[in-house]
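Chemist: I need the structure of the sequence given here:
(2 chains)
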Amino acid sequence: MAEGVPALVAVVEDEETIREAIGVSLRRDGHRVELHHDGAAAWRAFDAALPDLVVLDIGLPLIDGLELCRRLRTRTETLPIIFVTSREEEFDRVLGLEIGADDYLCKPFSMRELMARVKVLLRRAAHATRDVAGEPDERVTVGSLTLDGLRLTATWRDQPVALTVTEFLLLQALVRRPGIVRTRDQLMDAAYPDRVSVSDRTIDSHVKRIRRKLTTVDPGFDALEAVYGAGYRYRG
Amino acid sequence: MTKARWPLRAWRVLRYWRGRISRIGLRLLLFNVLAAIMPVAGILYLDVYEQELLLAQERGMVQQARIVAAALATAPVAGAALDADAARRLLARVTPGDARIRVYDVNATLVADSARLSPRGEATPAPSYDQVGVGTRDEWLYRLGSWLAQWRRRAADLLRPRMTVPDGAVPVPASGLPEVRTALGGRFGAATRPTPGQRSLTLTVALPVGDATGVAGAVTVSQSTYRILQALYTIRLRIFRIIVATLALSAAISGLLGVTIVVPIRRLRRAALSLARGERRVPTHFPGVDRRDEMGDLARALEEVTRRLQAHVTLLESFAGDVAHEFRNPLASIRTALDVVQDTADPLERERFLQMARRDIDRLDRLVVGVRDLARIDSAIEREDLEWVDLTALVSGLLAHRHPTLPLASTSAAPIHVRAQPDRLLQVAENLVDNAVSFSPQPESVVVRLRKDGDAAVLTVEDRGPGIPPAHRERVFERFFSYRPGSATARHEHAGLGLAIARAIVEAYGGVITVGDRDGGGAKFEVRLPLVR
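Modeler: Okay, the predicted model is just below:
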């Protein structure tokens, strides 16, 4: 992505209203947009040129969102992908698949929320490829864990941990005040500042996944603990 | 106070036991005991039997007295006094038996007595009570029976005035025994007295000796009833034995029936109750499903019920999940559309997204109707009355009204009858035809056919749409499943319930609905319904 050129965001969604609405909002935010109503059409377009970010629905005609994501990952590791889905059960399942999506939003979502995620992910992608001098350092280090608020990356004992944006925001909210219990409500406010309809359960599965990702890097990791009836706490 | 309360207490006791004793078990026991009590009728019969025996004995005694009287009457001259010596000789010749024969003269004076004239010169004493039926009466069963009988008799005696039975020898009055005087008067005399020192009775008959001219004396024959008593003792014991044996058998049968019927029923009840209270999971394993009898049938039926229940619960859960999911899509659409409307200043853009939101609301509305139809369809069909429906008339009527350009290709114009509710069948045909038309670029390419195939009525609807790949052929009948490749706008108008509703109706009428390929491209839906002959 060249400096100054608006980012190209692809939206693959079979619901016309949602597709058009996302398109209008993205254009207003200064992005270039391409819209696809099914998986096959999207794949043909991606074959010609990869966009800078993809917003993917899961239940798509012809080629579904999961398959499309898998195919994209065979071509590029760095392309940011955001999933939107209408089933909370599906949401859990998709999280478990680890198909390499960068974030997930559950329908109905807030348009501002989605726009914020798009912005964050585009920034992360941009910062991953170059070092920006003069930008404020948003690094937080607690014990062996370091969170880079600018690039939205996490490292544990200098080993990178691949977190989605939601997971990063959650972990950041916990790590900023080590040893203090954060309620699910506070965590949700941190992860989904403009939340529409996210259940508490979603927080639990995100935390579970953060913990799993950290334990794959370090099997002895136990700093993230559940406090029954209250919420979660990061032990510094 | 206590007197007034006893009916209440009795009622409480009754209620307590009604709850304790299994009612089926109690009934079984009652029936069996009744059957066992039947031999009691035999005891009643004993009274008749005793009468018969007494009558026979009396007849024999009269016969004997007549013979003696006749023999004595030939000897004396008419009107002369009775020859006492002749009488003694005659009696001495009579074979001694249980009967005692006495001869009296006109003055009622005893002139001859067989007991004193036996060859041994002694009277044969009647066996004493202690000796009568000794073996029989010693048996414990007989004692038990007589003990019970005494209780009954004592109870009966309380209601009856006490009778004084003279005991011991009856003193002979100076004018002679009454029956002898009756006989001397020329008539038949009889008497019944207790045998001295015994339980048996002594029967006496008295006959006059003489001819038409006059009475010369009287003959009496006496006999104890001890033989009859003995016979009765034996029979009583036998009947009592039968009663006891039958009672024992009845109790055993009742117990057995209780074990094989009441106990399994109780177990089933416990299992069913614990299921109802939520202590068990659905489906539940019921005790006795391996049995081959009716109890096993009942247990299997109960298991089937819980399985159906489980299937229904699962269906409800997945249905609720599906409905939630299907509602979320249009809701998300409306929300995003409103987000855009809120944030945009462009009036054209606003109008465009408000229009979209309205379309999504219409979609929600259609969804609500479809869900309501589908949720109610099974129970609604069950309540509806079935009619004989002519499919030919129904389908051609539908085509004429909704798709006038489509002909009905039928093998014959003859009516094809099925048993169904016409509105429901119309819904099936309508859904299939509308579906086919919506998929076909040219609606005229849709072909609707009706034919008979064996004992089935077959309706086929073929289109020239994209067809349905084999992987989706079962799923197109699932609710909310919509396979409309390349036609995103079409999804807005189709909630994916039409085929699900069609399948629910067809299956409710015992039919089958399938989909395959049409020759030359497209899909071919086929409905088979049982034909009415």
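
Chemist: Next, count neighbours for the closest residue to A:Glu167 other than its chain neighbours.
Modeler: Using Cβ to Cβ, 6 or more residues apart in numbering or on different chains and skipping the chain neighbours, the partner closest in space to A:Glu167 is A:Ile210 (5.1 Å). Every C-beta, even on glycine, is put in place using the N, C-alpha and C of the backbone. For A:Ile210, the neighbour count with other Cβ atoms under 10 Å in any protein chain shown is 22.

Chemist: so what's A:Ile210 up against?
Modeler: A:Leu163, A:Glu167, A:Leu170, A:Leu171, A:Leu224 (Cβ atoms under 8 Å, 6 or more residues apart in numbering or on different chains).

Chemist: Show me the residues you listed that map onto strands.
Modeler: In this view, the contacts of A:Ile210 that belong to strands under DSSP state E are A:Leu224.

Chemist: Report the buried members of the contacts of A:Ile210.
Modeler: Neighbour-count burial (16 or more other Cβ atoms under 10 Å in any protein chain shown) applied to the contacts of A:Ile210 gives A:Leu163, A:Glu167, A:Leu170, A:Leu171, A:Leu224.

Chemist: so of those, which ones are in helices?
Modeler: Mapping the buried ones among the contacts of A:Ile210 onto helices (DSSP state H) picks out A:Glu167, A:Leu170, A:Leu171.

Chemist: Give the rounded mean pLDDT of the strand or helix carrying B:Met295.
Modeler: Taking DSSP states H and E as the criterion, B:Met295 maps to helix B:294-343. Per-residue pLDDT over helix B:294-343 has a mean of 84.

Chemist: The helix or strand just after it to helix B:294-343, inter-axis angle?
Modeler: Next helix or strand after helix B:294-343 toward the C-terminus (DSSP H and E): helix B:347-383. What separates the directions of helix B:347-383 and helix B:294-343 is an angle of 170 degrees, with axes from the mean of the first three to the mean of the last three Cα atoms, to 10 degrees.

Chemist: Toward the C-terminus, what is the element adjacent to the helix or strand of chain A with the lowest mean pLDDT?
Modeler: The least trusted helix or strand in chain A, going by mean pLDDT, DSSP states H and E, turns out to be helix A:88-97, with a mean of 63. Note on helix A:88-97: by DSSP H and E, the next helix or strand toward the C-terminus is strand A:103-106.

Chemist: next helix or strand past that next one?
Modeler: helix A:111-129.

Chemist: Show me what that following helix packs onto, helices and strands only.
Modeler: Here helix A:111-129 touches helix A:16-28, strand A:53-57, strand A:81-85, strand A:103-106, helix A:165-175, helix B:294-343, going by 3 or more Cβ pairs under 8 Å, 6 or more residues apart in numbering or on different chains; DSSP states H and E.

Chemist: Mind checking the pLDDT average for it?
Modeler: 80.

Chemist: and if you look at stretch B:511-531?
Modeler: Per-residue scores along stretch B:511-531 average to 85.

Chemist: And for stretch B:70-80?
Modeler: 65.

Chemist: what's the answer for stretch A:218-227, then?
Modeler: Mean predicted confidence for stretch A:218-227 is 82.

Chemist: do stretch A:61-70 as well
Modeler: On average, stretch A:61-70 scores 82.

Chemist: quick one: is that stretch near chain B?
Modeler: Yes. If you take Cβ under 8 Å from any Cβ of the partner chain as the test, stretch A:61-70 does meet chain B, through A:Pro61, A:Leu62.

Chemist: then that stretch to PDB, C-alphas only?
Modeler: As requested, the backbone C-alpha atoms of stretch A:61-70 are provided in PDB (Å, rounded to 0.1, in the frame of the first residue of the first chain):
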ATOM      1  CA  PRO A  61     -23.500 -18.600  -1.800                       C
ATOM      2  CA  LEU A  62     -21.300 -20.700  -4.000                       C
ATOM      3  CA  ILE A  63     -18.000 -20.400  -1.900                       C
ATOM      4  CA  ASP A  64     -18.600 -19.700   1.700                       C
ATOM      5  CA  GLY A  65     -16.600 -17.200   3.800                       C
ATOM      6  CA  LEU A  66     -14.500 -19.800   5.600                       C
ATOM      7  CA  GLU A  67     -13.300 -21.400   2.300                       C
ATOM      8  CA  LEU A  68     -12.600 -18.000   0.800                       C
ATOM      9  CA  CYS A  69     -10.500 -17.100   3.900                       C
ATOM     10  CA  ARG A  70      -8.600 -20.400   3.600                       C
END
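
Chemist: What residues of it count as buried?
Modeler: Per 16+ other Cβ under 10 Å, stretch A:61-70 contains these buried residues: A:Pro61, A:Leu62, A:Ile63, A:Gly65, A:Leu66, A:Leu68, A:Cys69.

Chemist: Just the closest of the residues you listed to A:Ala42, please.
Modeler: A:Leu68 (6.2 Å; Cβ to Cβ).

Chemist: So is the helix holding B:Met295 next to chain A?
Modeler: Yes. Helix B:294-343 is in contact with chain A by Cβ under 8 Å from any Cβ, via B:321, B:325, B:328-329, B:331-337, B:339-340, B:343.

Chemist: before we move on, the earlier item: out of the helices and strands packed on helix A:111-129, which one sits most buried?
Modeler: strand A:53-57 (a mean of 26; mean count of other Cβ atoms under 10 Å in any protein chain shown).

Chemist: continuing past that strand, what's the next helix or strand?
Modeler: In N-to-C order, the element after strand A:53-57 by DSSP H and E is helix A:65-75.

Chemist: Okay, angle between that following helix and strand A:81-85 too, please.
Modeler: Inter-element angle recorded for helix A:65-75 and strand A:81-85: 170 degrees (by the same axes, to 10 degrees).

Chemist: what's helix A:65-75 in contact with?
Modeler: A:12, A:39, A:42-43, A:46, A:50, A:54, A:56-60, A:63, A:79, A:81, A:83, A:85, A:94, A:97, A:99-101.

Chemist: One more pass at 7 Å, please.
Modeler: A:12, A:39, A:42-43, A:46, A:54, A:56-58, A:79, A:81, A:83, A:94, A:97, A:99-101 (Cβ atoms under 7 Å, 6 or more residues apart in numbering or on different chains).

Chemist: Tell me the buried residues in stretch B:506-520?
Modeler: Across stretch B:506-520, burial judged by 16+ other Cβ under 10 Å covers B:Val506, B:Ala508, B:Tyr509, B:Gly511, B:Ile513, B:Val515, B:Arg518.

Chemist: Please flag which of those sit within strands.
Modeler: Within these, residues falling in strands by DSSP E are B:Ile513, B:Val515.

Chemist: Of the buried residues of stretch B:506-520, which pair is most distant in space?
Modeler: B:Ala508 and B:Arg518 (26.7 Å).

Chemist: In this model B:Arg100 seems to touch B:Val68, though I could be wrong.
Modeler: No. Using Cβ atoms under 7 Å, B:Val68 makes no contact with B:Arg100, being 11.7 Å away.

Chemist: what is in contact with the two at once?
Modeler: With contacts defined as Cβ under 7 Å, 6+ apart, no residue is shared by B:Val68 and B:Arg100.

Chemist: May I have the residues that are in contact with the residue nearest in space to the middle of chain A?
Modeler: Centroid-nearest residue in chain A, with Cα atoms, centre = their mean: A:Asp103, separated by 2.3 Å. For A:Asp103, the contact set (Cβ under 7 Å, 6+ apart) comprises A:Ile82, A:Arg117, A:Leu121, A:Thr164, A:Val165, A:Thr166.

Chemist: run the last query once more with 6 Å
Modeler: Contacts for A:Asp103 (Cβ atoms under 6 Å, 6 or more residues apart in numbering or on different chains) come out as A:Ile82, A:Arg117, A:Thr164, A:Val165, A:Thr166.

Chemist: how close does the closest residue to it other than its chain neighbours get to chain B?
Modeler: Computed as Cβ to Cβ, 6+ apart, the closest residue to A:Asp103 that is not its neighbour in sequence is A:Val165, at 4.3 Å. Distance, A:Val165 to chain B, using Cβ to the nearest Cβ, to the nearest Å: 20 Å.
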